[in-house]
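Participant: Build the 3D model from these lines:
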Amino acid sequence: MNKGSKSIIVVLLIFVLTTPFLWHQKFQVKAKDVKANLTGNIFDQGVDVNGNGAFDYLEVGVQVNVTEAGTYVVQVMGLESNDFPFSIGIIDSQYVSFDTGIQIVNLHLDGITIYVSGLNPMNISHIILYDGNYNLLGELFEFPLSRKYLSTEFETPGAALTGVLFDQGIDVDSNGLFDFLEVGVELNVTKAGDYVVEVNGLLGLISGNYTYIGVRNSQQGHLEAGIQVIYIRLDGPTIFASDANPINVSNVILRMNEAILGTLTDVPLSRGYLHTQFEGPAAMLTGVITDHGIDTDEDGIFEYLEIGVEVNVTKAGTYIVEVNGLMTGDNNYISVSASQSVSLNVGLQVVYFRLNGVTIFASGLDPAIVSNIVLYDEFRNYISSLPNVPLSKIYFHTEFGTPIKVTVGVKVGDWAKYNMTISWQSTAPGATEPPQFQEMRKIEYVKIEVISIGTKQGDNTTITLQMSYHFLNGTDFALPTSSGDIATQFITLIIPGSLNAGDAIPGTAAPINGTVIRRYAGVDRTVNYLGFSGSFMTYNMSQIMYWDKVSGLLCEMLMETSVLTEGYVTTTSTSLKMIETNVVGKMPSALSCNVSKDTVTQGESIVVSGSINATLSGKTVTLTYKKPDGSTFNRTVSTGSDGSYSDSYTPDAAGTWSVTASWTGDTSYNGANSSTRSLTVNAVTFILFTPFGIALLGGIILIIIIAVLIFRRRPKIPENKKLEEKK
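Facilitator: Residues are numbered from 1 along each chain as shown. Prediction:
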């Protein structure tokens, strides 16, 4: 992988497609030690609901042997005809509750879809059994039906496209420019019902070259029998912004529910339209941008590269502006972007974007060009774009913020196993699932293992992985080892450990979206997640990945792609989910313990306090007190909102005491023990402070009082008597 940031999409697609492809063949797959399995007995029949002699649907009964009662998912995907090397893109599934024993679930495949395909089904392409959590339990491929069905046995569609289109420009505000291109689609409706008509795109000319104009719209409504016309309006400003003069309607689709009843492709308009006949956008990019580095903490390093995009607004409203990527002078791409939905007033307006400086630094590339700037209206209709806009100067990546410290959270010998699931479906008549997807379902699990960390002196972030596939037939296939530096590259399977929300993943412009607790491999783990979605022309993709926070090891990846081709949508879903690992996946914790006094006198209280280093409230901390005679006892306290605790206690014996704090941990953190704190409890040495001393003191005071009273009552002797007595 190059030093610069790489597209997440490319990385994931490469990962998925590295699975070895085997020749397509008929086989049955069953997972080991499951709670239910497919018996291989399938029942099928055409069902005529309204008694008109045509099948409304093909009913497929799937027999399941259930050994543990619970909820399960049964799915049927596609029908195949031996007449042509195509399959019918049709699907049904049911989420059902089963008791133990032999059970049958009936699935219904739409008859109109079969009729419209023109194919005569003989086989079921794919039958799948999942548990209630969509863990794969069993599969059947290319399973024969009880007989060959003719497409003409099934219900005919209640409407059809006649092939006739009408078109005209619509000037709503009477300013001489078309706000919309209105396309009327003629239908022959034989059965009243609810129908959907879609118009997808126009074909236009720019300087004699054909180009696609991305305008689309649809209408849905109840239609009565007879010739009907559905009118659909295509956005005029989008046509104007394309700079292309429309000549054809690219694609028209007629649907009823999910069934495609008919399509039209490249239908000529009644006349050629000039794009300048349409209403111009209410805002346009002027082509002027500004740029400068932003140093928020005045440390001499730019935290952001700020881009100002100038927009000429002729009609106040809400607009979406995007800045997508930077490039070096030699066209190396830096994957950093930003988007804003803003309310703009009439006049020249500037929208400012801040591109993450850490990502620029981590790329190791010096930006000189903004790759692309795009303007949309509030409904995300395309207005205009500016590709390859030069910055005011070349910025050095070293001018920007240094990346976060990269921590390798795994160690040599760490491993994980993943369950891999694949699904594919298409609305295109006769579309066939690629054979590589069927072969990938032969894999029972994918395993990765850390072989080494570091390749040379001073390098401790390059990780070498061994990936292997374990197949359902018991065989294994090991791929060549692969290495990557997680400090600069995005490897998908392992990222740096202990990242926090907002931290950029090295090798990408993507920050960690957040941290949650999810259960993987039987353990509740604290995981970081990253979600991504995007579209380009007719290609759409969404994905989300979860990594163990401490180790950085991938826990789960979900990816779905859809492609619109000539009005038909093909969708592929892929997932990896950790099922076993030797990585514990808990974060370490530390626990402090302090005493308010090192020395106290017997009878005084002390306060023992401390905290868990993570802000964990409501956790139980055990305080173990050790008395001078060696005996121990425990007292428990709970942490507050800041993770702190305290306990007030009065020692009841003189001598040396000690106290230690501990907690057992939880689903996210390992437990911890504090260091031991000692204190001295001095005995009381002053007698008056003891009960006996107080009693004795009281007795002495009483004697003194009595003596005083006696002396006071004794009669006074005259002076002469005293002298006589002396004589």
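Participant: Quickly list what Ser575 is bridged to.
Facilitator: Legend: beta-bridge partners of Ser575 under DSSP bridges are Thr421, Leu558.
Participant: let's have the chain start at 8 instead
Facilitator: Fine by me, first position is 8 from now on; the one you just mentioned is Ser582.
Participant: hang on, it packs against Cys562?
Facilitator: No. Assessed by CB atoms under 8 Å, Ser582 is found out of contact with Cys562, at 11.6 Å. Just so you know, the C-beta spots here come from the backbone N, C-alpha and C atoms, and that holds for glycine as well.
Participant: Please say which of the two ends up with more neighbours.
Facilitator: Neighbour count, other CB atoms under 10 Å: between Ser582 and Cys562, Cys562 has more, with 26 against 18.
Participant: For Leu261, see how far away the more buried one is.
Facilitator: Noted for Cys562: a distance of 44 Å to Leu261, by CB to CB, to the nearest Å.
Participant: for the protein, where's the lowest mean pLDDT among helices and strands?
Facilitator: helix 15-24 (a mean of 35; mean pLDDT, DSSP states H and E).
Participant: host element of Thr245?
Facilitator: Element membership for Thr245 (DSSP states H and E) is helix 243-249.
Participant: That helix: how far from the chain's middle?
Facilitator: The chain centre lies 35 Å from the centre of helix 243-249; the measure is CA atoms, centre = their mean, to the nearest Å.
Participant: Can you dump the C-alpha atoms of it in PDB for me?
Facilitator: Backbone C-alpha positions of helix 243-249 (Å, rounded to 0.1, in the frame of the first residue of the first chain) are rendered in PDB as follows:
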ATOM      1  CA  GLY A 243     -34.600  21.700 -15.100                       C
ATOM      2  CA  PRO A 244     -31.600  23.200 -13.200                       C
ATOM      3  CA  THR A 245     -29.900  19.900 -13.100                       C
ATOM      4  CA  ILE A 246     -30.200  19.600 -16.900                       C
ATOM      5  CA  PHE A 247     -28.800  23.100 -17.300                       C
ATOM      6  CA  ALA A 248     -25.900  22.400 -15.000                       C
ATOM      7  CA  SER A 249     -25.000  19.300 -16.900                       C
END
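Participant: Residues in contact with that helix: which ones?
Facilitator: With contacts defined as CB atoms under 8 Å, 6 or more residues apart in numbering, helix 243-249 is touched by 176-177, 184-188, 209, 211, 218, 220-222, 253, 280, 282-283, 285-289, 384, 388-391.
Participant: Those in strands, which ones?
Facilitator: 176-177, 187-188, 209, 211, 218, 220-222, 253, 384, 389-391 (DSSP state E).
Participant: Tell me the one of these nearest Ile493?
Facilitator: Tyr389 (37.4 Å; CB to CB).
Participant: Give the burial count for the closest one, as a bare number.
Facilitator: Residues lying near Tyr389 (other CB under 10 Å) number 19.
Participant: okay, it: pLDDT?
Facilitator: If you check Tyr389, the pLDDT there is 82.
Participant: For this protein, just list every one of the helices.
Facilitator: With DSSP state H as the criterion, the chain has helices at 15-24, 118-124, 243-249, 364-370, 442-447, 698-720, 726-733.
Participant: my guess is Glu313 meets Asp302, correct?
Facilitator: No. Look at Glu313 against Asp302 with CB under 8 Å: they stay out of range, at 10.7 Å.
Participant: Quick check: bridge partners of the nearest residue to Gln52 once chain neighbours are set aside?
Facilitator: Of all residues not flanking Gln52 in the chain, Glu66 sits nearest, at 5.3 Å (CB to CB, 6 or more residues apart in numbering). Glu66 has the following beta-bridge partners by DSSP bridges: Gln52, His115.
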